[in-house]
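Novice: pasting a predicted model and its sequence here:
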Amino acid sequence: MKKIRVFIIDDDRDFAESLSMAIEGRGFDVELAFSGEEAIEKFQEKDFDIAFMDVKLPGKNGVESFIEIKKFKPGVRVVMMTGYSLEQLLEQAVRNGAWGVLHKPLDMNHILKMLEKIKPDGILITDDDPDFVESIKDLLMNEGYNVFVAENGKEAIERIQKNNIDILILDLRMPILGGIETYLELKKSGHIVPTIIVTAFADEEVGTIEKLHSMSVSGILKKPFDPRELLDIIERLIAEVRS
C-alpha cells in the first residue's frame, strides 16, 4: 500500500518547507510548488491524494489555479490556505468544490485529521457472485473507498498490474483461476497486496485456509459475514501502513 501523496503550494518557501517536514515526519510523501502555474504543471504530470494551496500566489492566485486544475482533475482534493481575509475568493473556492479552508497559522492536528480521512487508492473485489460483489461494492463506496471489480483470478492479476490497488478482497472458488492460485501468481510476480480471503465453503477448504494463513494473508471471512468485520480489517490494514 503506497503512502498518501501530499502536495503543498505556497510562495512562502520557509512556511512550505516547514509544513512539508512536519507532514513527512508523520509518514506521508510530500511535494512542493511555489506558484499556481507550477502547481498546474505538476498536476498535469502526476496525481496527489490531497493538496494544500495558498490563496495568495504570484501570477495565478490559488483559487484561479484550483479552478483550472479542477477542469482536468475533477476529483482533486484541494484545501485552501490563507493568512488574510479574502472572503470572496474563499467563497469562490468552496463553490467550486474546495475540500476545506485553513487559516494561518495552521493547526497541525487539524491537518493530520484531514490526512487521516484520505482513503487508499483502490480496493479490488474478485468474486464471480454478482449479488455479493454489488453488496460489498456499495458498502465500501459508501465509506468513501475507490472500488474495482474482477470476476476471476486472471482478471484480478491484470487489474492489479495496471491499477493502483491497495487491498484485494479475494474469493477462493472462482472460474479460470481460483483464489489460492491467484494469490500465488501475484506473489510470484511481485504484485502481492494485502489480501482478505472470503469463502462460503470454509468447512470444505480447511487445508487451503491453513495454507493461506501460513502465507500471511491479511484476513479470512466466511460468507455470510458481518460487513463491519470487513470494514474493521480494512481500517486495520490502513492503520498498519500509516503507523
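Specialist: Sure thing, it's come through.
Novice: Asn152 and Arg173 touch, don't they?
Specialist: No. Checked against C-beta atoms under 8 Å, the pair Asn152 and Arg173 is beyond contact range at 10.6 Å. C-beta: built from backbone N, CA, C; applies to glycine.
Novice: return every residue with contacts to both of these two.
Specialist: In terms of C-beta atoms under 8 Å, 6 or more residues apart in numbering, Asn152 and Arg173 are not both contacted by any residue.
Novice: residues touching the nearest residue to Lys104 once chain neighbours are set aside, list them.
Specialist: Once flanking residues are discounted, Lys104 sits nearest to Gly83: 3.8 Å by C-beta to C-beta, 6 or more residues apart in numbering. By C-beta under 8 Å, 6+ apart, Gly83 lies in contact with 56, 103-105.
Novice: narrow those residues to those that are buried.
Specialist: Buried members of these, counted by 16 or more other C-beta atoms under 10 Å: Lys56.
Novice: out of the contacts of Gly83, which is nearest to Asp131?
Specialist: His103 (48.0 Å; C-beta to C-beta).
Novice: bridging across strands, which residues link to the closest one?
Specialist: Going by DSSP bridges, His103 is paired in beta bridges with Thr82.
Novice: check contacts around it.
Specialist: 81-83.
Novice: ok, so of those residues, who is nearest Lys222?
Specialist: Met81 (47.6 Å).
Novice: report pLDDT for that closest one.
Specialist: On the pLDDT scale, Met81 is placed at 90.
Novice: Ala51 is in contact with that one, correct?
Specialist: No. Judged on C-beta under 8 Å, Met81 makes no contact with Ala51 at a distance of 10.1 Å.
Novice: just checking, which helix or strand of the chain averages the lowest pLDDT?
Specialist: helix 206-214 (a mean of 54; mean pLDDT, DSSP states H and E).
Novice: next one: the helix or strand just after it to chain centre, how far?
Specialist: Counting by DSSP states H and E, the next helix or strand C-terminal to helix 206-214 is strand 219-222. With C-alpha atoms, centre = their mean, to the nearest Å as the basis, strand 219-222 stands 22 Å off its chain's centre.
Novice: strands paired with strand 219-222, and their directions?
Specialist: When DSSP bridges is applied, strand 219-222 pairs with strand 195-199 (parallel).
Novice: list the contacts of the partner strand.
Specialist: Contacts of strand 195-199 (C-beta under 8 Å, 6+ apart): 127, 167-173, 179, 183, 205, 209, 212, 217-223, 225, 230, 233-234.
Novice: report the buried residues of the lengthiest helix in the chain.
Specialist: Longest helix of the chain, by residue count under DSSP state H: helix 227-242. Neighbour-count burial for helix 227-242, counted by 16+ other C-beta under 10 Å, picks out 230, 233-234, 237-238, 242.
Novice: repeat for stretch 35-43
Specialist: Buried residues in stretch 35-43 (16+ other C-beta under 10 Å): 35-36, 38-40, 42-43.
Novice: what is the burial count for Val114?
Specialist: Slight slip there: residue 114 is Met, not Val. 17 (other C-beta atoms under 10 Å).
Novice: direction included, what does the helix or strand that contains Leu124 pair up with?
Specialist: In this assignment (DSSP H and E), Leu124 forms part of strand 123-126. Strand 123-126 has its sheet partners listed here by DSSP bridges as strand 147-150 (parallel), strand 167-171 (parallel).
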